[in-house]
Structure formats: C-alpha cells, structure tokens
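*Asks:* Structure here, sequence nowhere to be found:
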C-alpha cells in the first residue's frame, strides 16, 4: 500500500509539474510574441514621433537602433517630440520602441539642456541600449567652447563622458565628428584634425578610437607600419571595435583599407575576387556607421574590373574577406546591373553579411519600381525587393533622403528602419517638408 501511494504521489507530482512547465512555456511564448513591434508583415510606422504618435514637426536623422529593436537613438530638430522646452540646434533623442516613450538625451548631469547651434550631429547606441553617444557643440557643458565634441551617456546612471579626449581627459582642440560606438559600448570612433590627442599629429584629419574603459586613444587610419595616412573622412568600425575600414583618398584611384587593430595589419579590400585592386575610386560608407562584422565589407566603386562595374556610375559591392568573393549589390534578381547610380554612402550590411539595404535611382531593379527607392538585396538567393513602401506595398512618392542616413537591420533582419521625406508612407505624415524615420516589418 505504501509503495502504491508513493507511486501515485509521484505521478501526481509529475503531472502537476508538467502542467506548470507547459504553463511556463506558454507564458514565455506569449512574451516572445508580445515583443513584435508591428502586428503584421509589411506594416510600417513612424519612429520620429512623440509618445502619442505625433510625427516630428521638423526633420530627424542619423537613427540607430539596438539589434533587439528595443531602443532607437536619433537626432531631431523637432520641438514636439517631448514636453521639454527645447532650444534651437536640434537634440539627441532616445525612444523605447516597445512602450513608445521618448526622452531627450543631451541634458547634462545637472539637468541642463544643450544650448549649441548643432546639439546633435550624429548619434550611436550600444547593443544593450545603456550607452548613447552623440556629437554636439554646446557651450553650457563639455568644454563650453562651441567645438563639436563626442559625448557618451550612461542611461542607468546619467553620467556623461566626453570621448573626444586624450588619455588624460583633455578635449580635442578642434571639431570631432562622424562618430561611432562599438556594440558593447566600450570603444568610440571619431574623426578630428586636433593635434593634441596624440603625439606626432600634423593637423590632417585622422580616425581615432577611444577606449572608455582605460581612457587610452589611438589613431586607426594607419598602414601596417603604424604610419598615419591622414585626411580620412569616411570610415566604418567593426561591431567589436577591433577593426576599421577607411578610405585612402590621396591614392589614385581612391582605395579603401581594412586595419586590424589587434594584429596591426592593414590591407586593401577594394579588390576583385582574384585580388586585383579596383581601377576606379572606391570608398566605404561615410557618416552612415552601421558597424560591419569584419568579414563582409561594403563599398561603392566606379571600377570596371569588379563584378559587372562599368565605370559610368557608382555601384555598391560587398567583399567577403574569407572567400575573397566580390558581389555587386545593385543588380536585379536576374542579374541585370542597375541603370542609374546607387547613391554613394547609402547602404548597410546585415550583421551576418547576407543582406544589404541600399538606396538607388535605378528603374530596372524591380519591375514597376522607379524613383529614388530603398532596396533590400539578399546576397544568397539574389532576390531584391523595395523597402521604401507603405503598409499596402505602395512605393514612396518622394525621393528618400537616405543618401546620408543609416538604414538599420534588427531583430534577426525581420525589421528594418530608414528615413524618408515621402508623404504617403504613413497616414500621420502629410508633408514632404521633413525627414521622418520609419520602422518596417519584413517577416
């Protein structure tokens, strides 16, 4: 009898545990479903809006979003996104895409709002959303000299760090800009012509990497011997902050280099699949800064010796540094080369390197699609679709301004973001006067 009761109790407990486990699984599944930012595939919404969903009353730009789609950081000249009495010169905003809440970031530790003429020139955000970086020129905090500086704010503590400084914390004496922050928030990259950040600088524009954990700073636009190459405007850092690609504009034609900060080696990556250097000007993204994975490197080129390039117009290419393969991105699914320029600097590679967002004026990439549009190209199956469409699939009615704005992949590439001046993408936007930022669900 005791044995029977014991077995009965064991079975009963197992049944109870199983039911609890199933309930827990259902709870977890429900939580996963609830993280969808948009209800249906193809749906789209405005990110540059207030918590009530009212679009910004001025242009917004330079949006960056965490990979999980939770937080978006961006610059905006809008005065209606929060209840704060904002000043002119624009500000840096942080938006929770799940709750819709939005806040201004460029308050100092005393709660004083930036008063510069350009308070938000670029932004960036760490993968966890806790470190938000922006470039601004306030006179009421930082050095107070109206020189553009790179700031990083710890959202949890409110502490602001100036990243554009030498190892002793002395700020750069000239403007710092085109900044970028690594995924873990440790490294900040920026360009500056300041001569006080390192010894031996000559006033030409250099790309710097600041380590926020050690305060050390190095120049990364260098050759394998460590020689500064100088006057570099366009660069893109890796996700981990351990490598950087940059242009070498003094070369004829312009080429782009990959510098591995750990091994200190620098190599030309704007080459054909057989290793021949591109015979036309080739450059990486400039001001876009969407972080590359170190293996799949994108660039634009006028070369005729790459995959289908004809030298007449610029095309977007992706170089796989492991296989050496080079693929032209702006081709139709059938392999037809774009018949108009794919805008310089306007592209973004997914973190796994299999997809590319790019902006093109071509009329032959997708049947029936014309005008300046944003496209998604799958490098594995060569499929291509327009992304700059509304929820009904209608393409935007006014040229996108994404030539100098980031286009972001997130949530395992099921969502993307982009900017546009179109008036037919969302019912709440009825003017083409302002740049708005959009989120779109693809899968």
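*Replies:* Nice, thanks for sending it over. On a predicted model such as this, the values are computed, not experimentally measured, just so you know. Residues are numbered from 1 along each chain as shown.

*Asks:* Can you tell me the closest non-neighbouring residue to residue 170?
*Replies:* Nearest non-adjacent residue to residue 170, counting by CB to CB, 6 or more residues apart in numbering: residue 196, 6.4 Å away. Every C-beta, even on glycine, is put in place using the N, C-alpha and C of the backbone.

*Asks:* swap in residue 68?
*Replies:* Closest to residue 68 by CB to CB, 6+ apart is residue 411, at 6.4 Å.

*Asks:* measure residue 156 to residue 131 for me?
*Replies:* To residue 131, residue 156 is 9 Å away according to CB to CB, to the nearest Å.

*Asks:* Please report how far the nearest residue in space to residue 147 that is not next to it in sequence lies from residue 263.
*Replies:* Leaving aside its sequence neighbours, residue 147 sits nearest to residue 175 (CB to CB, 6+ apart; 5.7 Å). Applying CB to CB, the value for residue 175 to residue 263 is 31 Å.

*Asks:* the more surrounded of these two?
*Replies:* Per other CB atoms under 10 Å, whichever of residue 175 and residue 263 has more neighbours is residue 175, with 20 against 10.

*Asks:* surely that one meets residue 192?
*Replies:* Yes. Here residue 175 reaches residue 192: they are 6.6 Å apart, a contact under CB atoms under 8 Å.

*Asks:* which residues of this structure fall in helices?
*Replies:* Ranges of helices in the chain, per DSSP state H, are 2-34.

*Asks:* low-scoring stretches of it, by residue?
*Replies:* 1-34, 287-291, 344-345, 399-404 (pLDDT under 70).

*Asks:* Recalculate using a threshold of 50.
*Replies:* 1-34, 403 (pLDDT under 50).

*Asks:* which residues sit against the top strand by length along it?
*Replies:* With DSSP state E setting the assignment, residue counts place strand 342-349 as the longest strand in the chain. With contact meaning CB atoms under 8 Å, 6 or more residues apart in numbering, strand 342-349 is reached by 234, 283, 285-288, 290, 292-293, 296-298, 300, 313-316, 318, 329-330, 355-362, 372, 402-409.

*Asks:* That one pairs with which strands, and in what direction?
*Replies:* strand 355-360 (antiparallel) (DSSP bridges).

*Asks:* Spell out which residues sit in contact with the nearest residue to residue 48 once chain neighbours are set aside, please.
*Replies:* In space, and not counting its chain neighbours, residue 48 is closest to residue 60: 3.7 Å by CB to CB, 6+ apart. Each residue near residue 60 by CB under 8 Å, 6+ apart is listed here: 48, 74-78, 93, 419, 434-437.

*Asks:* again with residue 246
*Replies:* 207, 220-221, 229, 232, 234-236, 256-257, 259, 284.

*Asks:* I figured the residue nearest to residue 170 hits residue 166, correct?
*Replies:* Yes. Contact criterion CB under 8 Å: residue 196 and residue 166 qualify, at 6.2 Å.

*Asks:* shared neighbours of the two, anything?
*Replies:* residue 172.

*Asks:* Okay, strands next: where are they in the stretch 251-400 of the chain?
*Replies:* 255-260, 266-268, 282-283, 296-301, 315-320, 326-328, 342-349, 355-360, 373-378, 384-386 (DSSP state E, counting those that start in this stretch).

*Asks:* Distance-wise, check the nearest residue to residue 250 once chain neighbours are set aside relative to residue 334.
*Replies:* Sequence neighbours aside, residue 231 is the residue nearest to residue 250 in space, at 6.6 Å (criterion: CB to CB, 6+ apart). Using CB to CB, one obtains 41 Å as the distance from residue 231 to residue 334.

*Asks:* Neighbour count and distance to residue 117 added to the contacts of residue 246, as CSV?
*Replies:* Formatted as CSV, the contacts of residue 246 follow (neighbours: other CB atoms under 10 Å; distance: CB to CB, whole Å):
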residue, neighbour count, distance to residue 117
207, 29, 25
220, 25, 29
221, 24, 28
229, 22, 31
232, 25, 26
234, 24, 24
235, 26, 25
236, 28, 27
256, 28, 33
257, 23, 34
259, 23, 34
284, 24, 29
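
*Asks:* Endpoints of stretch 343-360, how far apart?
*Replies:* 6 Å (CA to CA, to the nearest Å).

*Asks:* Over to stretch 136-145?
*Replies:* 11 Å.

*Asks:* With neighbour numbers in mind, choose between residue 156 and residue 131.
*Replies:* More crowded of residue 156 and residue 131, by other CB under 10 Å: residue 131, with 24 against 10.

*Asks:* what's the distance between that one and residue 443?
*Replies:* With distances taken as CB to CB, residue 131 is found 29 Å from residue 443.

*Asks:* hey, what's residue 188 bridged with?
*Replies:* On the basis of DSSP bridges, residue 188 is bridged to residue 181, residue 210.

*Asks:* could you list every residue that touches it?
*Replies:* Here residue 188 is in contact with 124, 133, 150, 152, 163, 179-182, 209-210, 212 (criterion: CB under 8 Å, 6+ apart).
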